[in-house]
Structures are given as structure tokens and as C-alpha cells.
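Novice: Here's a sequence, model it:
(chains A and B)
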Amino acid sequence: MRVRVQEEPFDLGAEANAFAEGGMANGAIVTFTGVVRDVAGGLAAMEIEHYPGMTEKAIAGIAEEARTRWNLGDVLVIHRHGRLAPGERIMMVATAAPHRKDAFEAAEYLMDYLKSRAPFWKKEITSTGAEWVAARDEDEDALTRW
Amino acid sequence: MDVLYFAWVRERIGLPRERVETQAATVAELVEELRGREARYEAAFADLSALRVALDQELSDFEAPLDNVREVAFFPPMTGG
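Specialist: Below you'll find the predicted structure:
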């Protein structure tokens, strides 16, 4: 299991390739990548603040919980912070498992919990100002299905 | 103890962290103390339902005791992912 919180970009292909070389017992690998999206067309940047120390612990805790719930060979979480431009990759999760159901479900679980339980805060910067992104009720509700 | 602020809580209070000497027994008591300081604290803590708290980097709640706690952090609901 690897957790990385970093400001610099990551190479999705290189990370996925390195992760996929992990173990012969894993018949399934799922990767998810989050991208800075510009819905209204006016986004200049996304600033991501986090809580150093707690962030790494919270993500490791979420990943460990996933490993107790599903049969997983490995887990990778990379999450960036700092100033990102539209189209840049914010984060990725990868799960490796003997079977795809575990890999898919664990990846979804990781994403649901990273959204609401890892201490990151997003701020959208536009030409007219800056605004903190509000947490959505749906994101909190998503946790209840687990 | 160290008190940390993140996102708009940090912006409203105007600093990321500070050292606070307090006899507060719970998070709620600490919040009341801070609110009584200045308008910027009152503005940040006006609506507790919009805030979350972590004690020594573990998510907690406002009724939690502060015994042996070294680091308290206040922030809005998280928006990771």
C-alpha cells in the first residue's frame, strides 16, 4: 500500500505501469483518475489546501479499511495539493485484486471516502474572484452505502 | 495547545495556526472562548454545523473532551478527491 500527497504532477501511465507490475496473484487492476474540470468555462485554477500530517494518516486509514473489506493485493493513492490548472490530474487511486469485483468496489469505496474524509479543501479561482467549493450532501450520503 | 485553521476558517480568522492557553474542558468550551475574543473569531465560528473539528489529527466532535489534546484543528467539510 502506498499513499503519496504531493504538489508536483504525477505521470499516470508510469504510475499505472509500475503498479501493474506488483504481483502475479492479481488478476484485476482498476485505476481512477480525478481531473480538474471547468464546467462553466471560466475557471482559471483550482487551489487545493490540505492538512499535512492528518492527510496522510486519514488516507492510510481509509486504504487500510478497504483492505479489511475486500480481498486486495495492493492499493495506491496519489493526491495533489497546491495550484492546479483545468485539465490537470488531481489524484489517482489504483487497486489490485485477484478478482475485478474487489478491485472495482474498493476503488469506489476509496473515492467516496477520499471526497469527504480526507482533509483537502478546494478553491475555484475565476476571473471574477475565488470561491471555496462547498461539500455536497450527495458526497456525504455516498458513505452510507458502505 | 496548538489551534489550526484551514480553508475559509483560516481566511476569516486571518492566521493558519496559533498557540492557545486554555482551561476549556471540551471543544465546545474552547469555541466559546475563541468566539469571545474578537469579531473575526465570532464570524468564523458563527455556524458550528458548517464546521468540523479534528483532535490530534483525528476527526472528532464538539462535545469531545480536550484532556491531553495537543493539536485542535477547525475546518469546513472536506472536499477531496
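
Novice: from memory A:R100 sits against A:N71, does it?
Specialist: No - counting by Cβ atoms under 8 Å, A:R100 sits too far from A:N71 to count as a contact (11.3 Å). For every residue, glycine as well, the C-beta is placed using N, CA and C.

Novice: Spit out the contact partners of the residue lying farthest from the centre of chain A.
Specialist: Distance from the centre of chain A peaks at A:T128, with 28.6 Å (Cα atoms, centre = their mean). By Cβ atoms under 8 Å, 6 or more residues apart in numbering or on different chains, A:T128 lies in contact with A:G42.

Novice: and with 10 Å instead?
Specialist: Contact criterion Cβ atoms under 10 Å, 6 or more residues apart in numbering or on different chains gives A:42, A:44 as the residues in contact with A:T128.

Novice: per-residue pLDDT, it?
Specialist: Per-residue confidence at A:T128 stands at 89 (pLDDT).

Novice: likewise the one 3 residues further on?
Specialist: The predicted local confidence for A:E131 comes out at a pLDDT of 95.

Novice: Can you give me the distance of it to chain B?
Specialist: Taking Cβ to the nearest Cβ, to the nearest Å as the measure, A:E131 falls 9 Å from chain B.

Novice: now A:W70
Specialist: Applying Cβ to the nearest Cβ to A:W70 and chain B gives a distance of 19 Å.

Novice: Please state the backbone phi and psi of that residue?
Specialist: phi -130, psi 160 (degrees, to the nearest 10).

Novice: Show me which residues of chain B are close to chain A?
Specialist: Within chain B, the positions lying close to chain A (Cβ under 10 Å from any Cβ of the partner chain) are B:4, B:6-11, B:16, B:50, B:52, B:54, B:56-59, B:71, B:73, B:75-81.
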